[in-house]
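J.: What follows is a protein structure lacking sequence information:
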């Protein structure tokens, strides 16, 4: 039996994406090449690994067993490669980094400085919501990820806490709450609400705090794009809660922003797996983040 690490990586990507065409694009392969690689895996293992239909590929029982082992094998191979690369002083290697789509401008200085100091390190950025990023860390397909606190699996991660930003209610200027100086959960309850997708940490935080206040949100729509959320508020589809840096980016004379009562913050952090060795590239990234954010701290959860 001769199974290559690359084939396992391609198999995992196909399961993640769920479609041959999009998986081939992500892997920079042609679709026939990807199909042949999967076919060779099935021939080597003498088992069908996937159920194929026109819309999505689904793992068979054998496919699920392979996926569980492949995650560990690919992750261990990645760390071995990075350890060997570091023997030359971080002259080459890869950093697998998760980023929430809303955080781009808040971390660009760190990314730029890391690139300047370690130009030979490839930064592979994956955009994910907070929950999806946590799952990617647990599945060993990321080295580090930026996320908003609190995390769902806090016992599994160490965190380097970064800056916190106020959360503000985003309201159309003609909305009944527009005259309020501060917005309470009770005031939000009767009105349509625009929420982030369920895999966003901020969505889970909003759900948790509203329930703590005995408020059931009237969710009109959900999205993972802050500009689309703002556009829906502008179209008077509902109100939303946005981090202050995002509010500053929205250019609309139809929207107003009000503080929440009690006040809430969007607390950002860089997290990584406990009990799993950091690659040299990941460790250097954390050290640089500490250097550029001297007032932040590292929490050992």
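T.: Nice, thanks for sending it over. Just so you know, these numbers come straight off a predicted model, no measurement behind them. Numbering: from 1, shown residues only.

J.: And the contacts of stretch 277-296?
T.: 78-79, 82-83, 85-86, 90, 93-95, 97, 109-110, 113-114, 117-118, 121, 143-144, 160-163, 270, 272, 298 (Cβ atoms under 8 Å, 6 or more residues apart in numbering). All C-beta atoms are positioned from the backbone trio N, CA, C, and that covers glycine.

J.: what's the offset of it from the middle of its chain?
T.: How far stretch 277-296 lies from its chain's middle: 19 Å, per Cα atoms, centre = their mean, to the nearest Å.

J.: Identify each buried residue in it, please.
T.: 278-286, 288-289, 293, 296 (16 or more other Cβ atoms under 10 Å).

J.: before we move on, back to that, for the contacts of stretch 277-296, which PyMOL command selects only the ones that are buried?
T.: The buried subset of the contacts of stretch 277-296, as determined by 16+ other Cβ under 10 Å, is captured in PyMOL by this line:
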select buried, resi 78+79+82+85+86+90+93+94+95+97+110+114+118+121+143+144+160+161+162+270+272
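
J.: re the thing from before, and the buried residues of stretch 277-296, which is closest to residue 211?
T.: residue 296 (29.6 Å; Cβ to Cβ).

J.: so where's the stretch 151-300 of the chain uncertain?
T.: Within the stretch 151-300 of the chain, the stretches with pLDDT under 70 are 295-300.

J.: switch to 90 and redo it
T.: Low-confidence segments of the stretch 151-300 of the chain (pLDDT under 90): 151-154, 163, 198-201, 204, 224, 251, 275-280, 293-300.

J.: And the helices in it?
T.: 185-188, 201-212, 226-234, 244-249, 280-292 (DSSP state H, counting those that start in this stretch).

J.: Which one of the ones you listed lies nearest to residue 43?
T.: helix 280-292 (35.3 Å).

J.: residue contacts, the closest residue to residue 8 other than its chain neighbours?
T.: Closest residue to residue 8 apart from its sequence neighbours, by Cβ to Cβ, 6 or more residues apart in numbering: residue 70 at 4.2 Å. If you count contacts by Cβ under 8 Å, 6+ apart, residue 70 has them with 8, 9, 11, 12.

J.: just checking, residue 263 touches residue 166?
T.: Yes: counting by Cβ atoms under 8 Å, residue 166 is a contact partner of residue 263 at 6.7 Å.

J.: Among those two, which residue is more densely surrounded?
T.: residue 166 (16 against 10; other Cβ atoms under 10 Å).

J.: Tell me what that one is bridged to.
T.: residue 265 (DSSP bridges).

J.: what separates it from residue 243, distance-wise?
T.: 8 Å (Cβ to Cβ, to the nearest Å).

J.: cool, and residue 40?
T.: 47 Å.
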